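[1] make a model of this:
(2 chains)
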2 protein chains.
Amino acid sequence: MSFDVSQVKALVFDVFGTVVDWRSSITREVAAVGERIGVRGDWEQFADRWRAGYSEGTRDVREGKRAWMTADEMHRERLDILLSEFGMNGLSEDETDHMNRAWHRLDPWSDAVEGLTRLKSNYVIGTLSNGNIGLLVNMAKHGGLPWDVVLSGQNAGTYKPDPKVYLTAAALLGLEPHEVMMTAAHLGDLHGGAAAGLCTGFIARPDEFGAGSEKAELKADESIDVGASNYIEFAKKMGV
Amino acid sequence: MSFDVSQVKALVFDVFGTVVDWRSSITREVAAVGERIGVRGDWEQFADRWRAGYSEGTRDVREGKRAWMTADEMHRERLDILLSEFGMNGLSEDETDHMNRAWHRLDPWSDAVEGLTRLKSNYVIGTLSNGNIGLLVNMAKHGGLPWDVVLSGQNAGTYKPDPKVYLTAAALLGLEPHEVMMTAAHLGDLHGGAAAGLCTGFIARPDEFGAGSEKAELKADESIDVGASNYIEFAKKMGV
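    Prediction:
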């Protein structure tokens, strides 16, 4: 039984990992700072632990254990800890702020811009990320991501996979949940979207956590409406 | 004393009247419906009274006299009244809904897309309209408006010129108010932005209310930071 794509009017995308390769970009930026100040370290571990701070922060906000904070604020909180742990001392406030905004400068996966551009010809395409709107706007300028609209957990005051985030996005677009497809490389995000009544699209990103890592999810499960191994295949399955 | 444009990182635009020619578009769509169902009327008056319903609605929400309503909802409320008054009876729900979405299909002024595209090369450009986000996204698809971000009074739960609308937009962009330029053909909107600490840009739209109407504001007053008679002149003054 194949999914009828004609009901879909908008696709909203997870961003970190799904559209952009956060791990390579962050590792490279952190390594460049280390090089400049003469500090050596395991910069992939730095990137993974920085990312973990954000994951833990969004979970704590979602569960009501912490008050609302933006991704920028969570990134900065964890960055200050990591700079100290990795012995990267003496950065100025401007340098630290610039480093924190490495998350605004993540590079897209090589097939993402072409796939999004194809999809944009027939659908409204937008973000639906836990990243804050300013971060997502700057990232789109950096990477040439052709969004029609930038939506975020920030619009709902909480974080995915809280159903409120998906429902707020559909409402802001003036659409019914089933007219919106949540698209991600992460099944948990898609299950959250489906629980809120959205359609679901999976695009595999096997290298998100580094080549060969077992953390990446390689395939859609049977609950997912449309699954693909890359953006071009996904766009074709969506009829564009 | 000339304004230093280098402080500006984002320009947010009023949309109805500033970017799109609502009156011509609405008059044309309403006239087409009248033609189809064999009703004659003063369709410019219909357009003006439809627009007035929205202006009154946003004012009443801002002043706390009415609960939050979107532009789509205000448009529909007034449309139902006008259809009855103009003797345009018998439209189906689908036809009435389509007519209400004429506000999603407004055509841009002839210089707007070129000017916005130039500005986008150096600035974040976005809407800051009292129109709801879904309406603004559909309008951008219709007219090829190259927004980086779609912001609305809807993000603040109230309407311009309430300062909360301007401050919410700056905060969502992660910018200080003085790094954001409110841009409009309407001085009241710009004074609202300035009161919230934003910079201000004026682009004259003398034909908004019909050629020769005295309702249009033709020039910036001395409080405005950058004033221009069209989008191309405005882009040049902004250095692009």
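[2] for A:Thr96, see how far away the residue of chain A positioned farthest from its centre is.
    When each C-alpha in chain A is compared with the mean C-alpha position (Cα atoms, centre = their mean), A:Gly38 comes out farthest, at 31.2 Å. Distance of A:Gly38 to A:Thr96, given as Cβ to Cβ, to the nearest Å: 17 Å. From N, CA and C alone the C-beta is placed, and that goes for glycine too.
[3] next: A:Ser129.
    23 Å.
[4] who's more crowded, those two?
    A:Ser129 (29 against 16; other Cβ atoms under 10 Å in any protein chain shown).
[5] and for the spatially closest residue to that one that is not a sequence neighbour, the neighbour number?
    Spatial nearest neighbour of A:Ser129, chain neighbours left out: A:Val15 (3.9 Å); criterion: Cβ to Cβ, 6 or more residues apart in numbering or on different chains. For A:Val15, the neighbour count with other Cβ under 10 Å is 26.
[6] hmm, A:Leu91 and A:Leu83 touching each other?
    Yes: A:Leu83 lies in contact with A:Leu91 (Cβ atoms under 8 Å); the separation is 6.7 Å.
[7] have a look at those two and say which one is more surrounded.
    Each of A:Leu83 and A:Leu91 has its neighbours counted (other Cβ under 10 Å); A:Leu83 has more, 19 against 16.
[8] what sits against that one?
    A:Asn89, A:Leu91, A:Thr96 (Cβ atoms under 8 Å, 6 or more residues apart in numbering or on different chains).
[9] how close does A:Asp80 get to A:Asn89?
    From A:Asp80 over to A:Asn89 the distance is 11 Å, taken as Cβ to Cβ.
[10] check A:Glu176 too.
    53 Å.
[11] who has more neighbours, these two?
    With neighbours defined as other Cβ under 10 Å, A:Glu176 and A:Asn89 compare such that A:Glu176 has more, 13 against 9.
[12] you'd agree the residue nearest to A:Ser129 is up against A:Leu136?
    Yes: A:Val15 is within contact range of A:Leu136, at 6.4 Å (criterion: Cβ under 8 Å).
[13] what touches both of the two?
    Common neighbours of A:Val15 and A:Leu136, using Cβ under 8 Å, 6+ apart, are A:Thr127, A:Ser129.
[14] so what's the gap between the longest helix belonging to chain A and the chain middle?
    Longest helix in chain A by number of residues, with DSSP state H as the criterion: helix A:43-62. The chain centroid and the centroid of helix A:43-62 are separated by 13 Å under Cα atoms, centre = their mean, to the nearest Å.
[15] residues touching that helix, excluding its own?
    With Cβ under 8 Å, 6+ apart as the test, helix A:43-62 has contacts from A:16, A:22-23, A:26-27, A:30-31, A:34, A:66-69, A:71, A:74-75, A:77-79, A:81-82, A:86, A:130, A:153, A:158-162, A:209-210.
[16] what element comes up after that helix heading to the C-terminus?
    With elements assigned by DSSP states H and E, the helix or strand that comes after helix A:43-62 is helix A:71-85.
[17] the helix or strand following that following helix near chain B at all?
    On the C-terminal side of helix A:71-85, the closest following helix or strand by DSSP H and E is helix A:93-100. No: Helix A:93-100 lies out of reach of chain B by Cβ under 8 Å from any Cβ of the partner chain, never closer than 11.2 Å.
[18] mind listing what's buried in helix A:93-100?
    A:Thr96, A:Met99, A:Asn100 (16 or more other Cβ atoms under 10 Å in any protein chain shown).
[19] same check on stretch A:186-196?
    Buried, per 16+ other Cβ under 10 Å, within stretch A:186-196: A:His186, A:Leu187, A:Asp189, A:Leu190, A:His191, A:Gly192, A:Gly193, A:Ala194, A:Ala196.
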